[in-house]
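>>> fold the following for me, if possible:
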Amino acid sequence: MLALLTDPAAWASLVTLTVMEIVLGIDNIVFISVLTGRLPAQQAERARKIGLGLALIFRIILLMLLSFLIGLTAPLFAIGDHPVSWRDVILLGGGLFLIVKATLEIHKGIEGEEEHHSSKVKASFAMMIAQIIAIDLVFSVDSIITAIGMADHLEIMIVAVCIAIAIMYLASGLVSQFIHAHPTTKMLALSFLLLIGVALVADGIGYHIPKGFIYFAMAFSAGVEVVNIMAKSKRAKRVPVEGDH
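Next up, the predicted model:
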């Protein structure tokens, strides 16, 4: 362990793996931020802590069970020319869950059901945690399987995951606050979940979509939305001034 502290290759591996874990955790952050947005402020904060804490636990457990995790990629059966593994089944199930969840949330937003029932019905905290656990497991499997091979030492992998989860925790709060302050961005976040869900389903059936394309599309859309928000804010400030004249 002490030898790793003086090994430049180990530090380079740690930095690279940490950055990759943060990037792969973007979808986790979006999901938790959207889901906890339906809870009261105190419960939302608690749900985020529990959700990301579970994400950390799942990732560390999976790292310690590398032989089992690698076994998840072994073919179970084949559909045509595509061998299907447990990893494919997990990604397919998680992708379908995200598509269904995002579609239902978009429907509620468009039909106005969320506003109509918000004063009468509060989201079930236990149900939120159950959903976060389910999707945390999917993202954890995908994240750790992708990370295998980037680092040769389990200690580096665990430290990288811990750093990434800590940064994700800070980012999740900011993302949640931004979505709460700008309700129109919730629809954008839900569309991100749809996109991620489709990518997971595609990966599960053997059609891999490079994550770079997905993250570029998300970053571009988010940038456009930020510009729209800034323009709207400037227009709102100009209206009273023009009205005084």
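
>>> rest of the way, CA atoms for contacts and neighbours
Fine.

>>> how much space between the closest residue to F97 other than its chain neighbours and W11?
Ranked by CA to CA, 6 or more residues apart in numbering and with sequence neighbours excluded, the top spatial neighbour of F97 is G197, at 7.5 Å. The gap separating G197 from W11 is 33 Å, by CA to CA, to the nearest Å.

>>> and F77, by the same measure?
Distance from F77 to W11, by CA to CA: 40 Å.

>>> those two: which is more packed in?
Taking other CA atoms under 10 Å, F77 and W11 do not tie; W11 has more neighbours (14 against 11).

>>> can you confirm the more buried one is in a helix?
Yes - counting by DSSP: H, G, I helix; E, B strand; the rest coil, one finds W11 located in a helix.

>>> where's it relative to I156, distance?
8 Å.

>>> equivalent analysis for L98, please.
Separation of L98 from I156 (CA to CA): 31 Å.

>>> looking at these two, which has the bigger crowd around it?
Neighbour count, other CA under 10 Å: between L98 and I156, L98 has more, with 24 against 21.

>>> pLDDT score for that one?
At L98, the model reports a pLDDT of 84.

>>> mind listing what it touches?
L98 sits next to 193-194, 196-197 when contact means CA atoms under 8 Å, 6 or more residues apart in numbering.

>>> if you set the cut-off to 6 Å instead, what comes out?
Neighbour list for L98: G197 [criterion: CA atoms under 6 Å, 6 or more residues apart in numbering].

>>> torsion angles phi and psi at it?
In terms of degrees, to the nearest 10, the main-chain angles of L98 are phi -60, psi -40.

>>> how about G206?
Here is the backbone geometry of G206 (degrees, to the nearest 10): phi 100, psi 10.

>>> with A199 instead?
A199 adopts backbone torsions of phi -60, psi -40, taken as degrees, to the nearest 10.

>>> do the same with T73
The phi/psi pair for T73 (degrees, to the nearest 10) reads phi -90, psi 0.

>>> same question for A78.
Main-chain torsions, A78, degrees, to the nearest 10: phi -130, psi 140.

>>> would you confirm that it contacts S85?
No - using CA atoms under 6 Å, A78 is not in contact with S85, being 8.7 Å away.

>>> so between the two, which is more surrounded?
S85 (19 against 10).

>>> in space, what's closest to that one - neighbours in sequence excluded?
Distance criterion CA to CA, 6+ apart; nearest residue to S85, sequence neighbours excluded, is P75 at 4.4 Å.
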